[in-house]
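# whatever this is, show me its structure:
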Amino acid sequence: AAQALGLREETVLKTLVFQADNHAFLLALMGADGTVSEKKLAKVSSHKRVRPAAPRDAQRITGYKVGGISPLGIVRPLPVVLDRAPALLPQVVINAGTRGTMVRLDTDDLIRLTGAT
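Numbers count the residues shown, from 1 in each chain. Take a look at the predicted model:
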C-alpha cells in the first residue's frame, strides 16, 4: 500500500489483532514494514503471552475483514498499542475499514481517538 500511495513504509500503519492468554483481544499498530515481538507486546500490554488472533476472531471482534482492519470504529473498544516509531511521526495513514481504502490523519488524533499507548 505504501508504494502504491508513494509513501514511506513507516507512515502507513497496519492494524493487527492479538489475543492474550486470558482471551482478551488487543490491537497492535506498526509501520507496514514492521513486525511484532509477541514477547514485547505482552509485556507492554500487561499480559503473560499474546498471539495473533484467528482471522475469524479478528473479523468478529472488529467488524472488519482481515486486510482492511481499522483501529477506528471497531465493534467494541479494544486496547491499542502503537509502536514507538510511528508514534513520533506527525501524520500516519491507516486502513479505513475496507481493503484498499486508507485515511491520513495526525498521529496525535489517532492516539486521542483510539486511546493508544
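# dump the helix or strand of the chain with the lowest mean pLDDT to PDB, restricted to CA.
Least confident helix or strand, the chain: helix 2-5 with a mean of 72, by mean pLDDT, DSSP states H and E. Extracted in PDB, the C-alpha atoms of helix 2-5 (Å, rounded to 0.1, in the frame of the first residue of the first chain):
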ATOM      1  CA  ALA A   2       2.800   2.400   0.900                       C
ATOM      2  CA  GLN A   3       4.400   2.100  -2.600                       C
ATOM      3  CA  ALA A   4       1.100   2.400  -4.400                       C
ATOM      4  CA  LEU A   5       0.500   5.700  -2.500                       C
END
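# report the buried residues of that helix.
Along helix 2-5, these residues count as buried under the neighbour rule (16 or more other C-beta atoms under 10 Å): Ala2. Any C-beta I mention is one placed from the backbone N, CA and C, and that applies to glycine too.
# which strands or helices does whichever helix or strand comes after that helix pack on?
Following helix 2-5 in sequence order, the next helix or strand is strand 13-20 (DSSP states H and E). Helices and strands touching strand 13-20, by 3 or more C-beta pairs under 8 Å, 6 or more residues apart in numbering; DSSP states H and E, are strand 25-31, helix 38-44, strand 50-52, helix 55-62, strand 91-95.
# got a list of contacts for strand 13-20?
The contact list for strand 13-20 (C-beta atoms under 8 Å, 6 or more residues apart in numbering) reads 25-32, 34, 36, 38, 41-42, 45, 47-54, 57-58, 61-62, 69-71, 78, 86, 92-95.
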